[in-house]
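A structural model of the following input is requested.
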Amino acid sequence: MTFLYERFLKPILFLQRPETVHDRALRIGRIIGEIPPGRWLLAAVYRRRHPKLRQYLAGIVFESPIGLAAGFDKDAHLMKVLPSLGFGFAEVGSVTARPYGGNPSPRAVRLPKDNALIINYGLKNEGARAIRPRLQGRRFAIPIGVSIAKTNLRFKSDKEKLDDWMEGIRLLKGSGDYLTINLSCPNTYDTENYCDPRLLAKLLRRIKRDRVRFTKPVFLKLTADLTEKQADEIIRLCTPIPWVTGFILTNLVKDRRKLSLASPREAYEPYKGGLSGKIVQPHALKLVRRFRRRAGDRFILVGCGGIFTPEDAYQYILAGANLVQLVTGMIFRGPGTIKEVNKGLVRLLEKDGYRNISEAVGKLA
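Okay, the predicted model is just below:
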């Protein structure tokens, strides 16, 4: 399935602007999602389920550990079609309190030699009030998470930033099956990163001061640029906070100094944005291992970055991830990637003698 995509369809798609392909994929997925026979046909081709992949985490059943990361379905339009592609869960957004039209184009640039993308959408989305009715009070065939971020605006003070955070959290905390607070978008006007433990502590204190009650699991999404010292401080801050369920590790790489890119300099240097894809994988894996070693089983960990094959996903599981997410792998290898990864994980688990994927979590942390 992935061979056919890479051989025939991908060369055609890669002649077009990434944003154009993305927008068309959203339109087609939204249409198919409204047609039951279309969903059934996709499921017959792509969906793969197996009891070895089934997990019960934070009160949620995950039939597969493979999820769609935030950033693809920004405005929550694809929830009906994603289960048919084989995803075990999906995350919409990131959604912000106020709508934002996105950064100037180009907002996505391909680096084929690195299996990577430069992403600079800047939290483009329709805003929490528009997106909330698509999620609240509704049930879907797979668990749906909602990623919340600070609106991409120029704020005058820390108070204004935190007010915006809190507005988004209040509007969306009752939506979906779980909540992700995205601390780490690198493509915004605000250069302050709330993965900085000092700033994260401010946000955590504000949530406590406002007496926000979470009734669903909450994850914090962190940057791939996190240092070991910062990681340890975040673990220290969050361990005693009962509503922090876990972490998504990680978002894009912003610091290009740590990357060795195969692409020629002129292919990436003129473009702003964080990088996704294979080049994120070593940084994210390192953080997954550190969080699992330092925090034990206190948190649920979701690995994200550079998952293209079953072996990629399995590395994350063995390093300590309970679940994994992908987007770029699907863009480069096609929708059959999800089925291939699910099938391959079963094969790898059987080879190593595990009865369920949960037994493999953290074995090589």
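
I'd like the distance from stretch 315-333 to the chain centre, please.
How far stretch 315-333 lies from its chain's middle: 9 Å, per Cα atoms, centre = their mean, to the nearest Å.

do the same with stretch 299-307
For stretch 299-307, the distance to the chain centre is 8 Å (Cα atoms, centre = their mean).

try stretch 36-52
Relative to its chain's centre, stretch 36-52 lies at 22 Å (Cα atoms, centre = their mean).

Now it: buried residues?
38-39, 42-43, 46-48, 50, 52 (16 or more other Cβ atoms under 10 Å). Every residue, glycine included, has its C-beta placed from N, CA and C.

which residues are contacting that stretch?
For stretch 36-52, the surrounding residues in contact (Cβ atoms under 8 Å, 6 or more residues apart in numbering) are 1, 31-33, 63-64, 80-81, 83-86, 335-336, 338-339, 342-343, 345-346, 349-350, 354-357.

again, only this time at 7 Å
Contacts to stretch 36-52, defined as Cβ atoms under 7 Å, 6 or more residues apart in numbering, come from residues 32-33, 63-64, 80-81, 84-86, 335-336, 338-339, 342-343, 346, 349, 355-357.

Which stretches in the stretch 101-250 of the chain count as strands?
108-111, 116-119, 144-149, 178-182, 218-222, 244-249 (DSSP state E, counting those that start in this stretch).

ok, the second one: who's next to it in the sheet?
Strand 116-119 has these partner strands in its sheet, going by DSSP bridges: strand 108-111 (antiparallel), strand 274-277 (antiparallel).

Could you dump those into a markdown table with mean neighbour count added?
Listed next are the strands paired with strand 116-119 as a markdown table, based on neighbours: other Cβ atoms under 10 Å:
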| stretch | mean neighbour count |
| --- | --- |
| strand 108-111 | 21 |
| strand 274-277 | 26 |
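
quick one: which of the buried residues of stretch 36-52 is nearest to residue 264?
Ranked by distance to residue 264 (Cβ to Cβ), these are led by residue 46 at 35.3 Å.

And the pLDDT at the closest one?
For residue 46, the model assigns a pLDDT of 94.

Can we start the residue count at 40 from this point?
Got it, first residue is 40 now, which makes that one residue 85.

So residue 91 belongs to a strand, correct?
No: in this structure, residue 91 is helix, not part of a strand, as judged by DSSP: H, G, I helix; E, B strand; the rest coil.

That one and residue 168, how far apart?
41 Å (Cβ to Cβ, to the nearest Å).

Indicate which one of the strands of the stretch 140-289 of the chain is closest to residue 113.
Distance to residue 113, taken as Cβ to Cβ, is lowest for strand 183-188 among the strands of the stretch 140-289 of the chain, at 9.3 Å.
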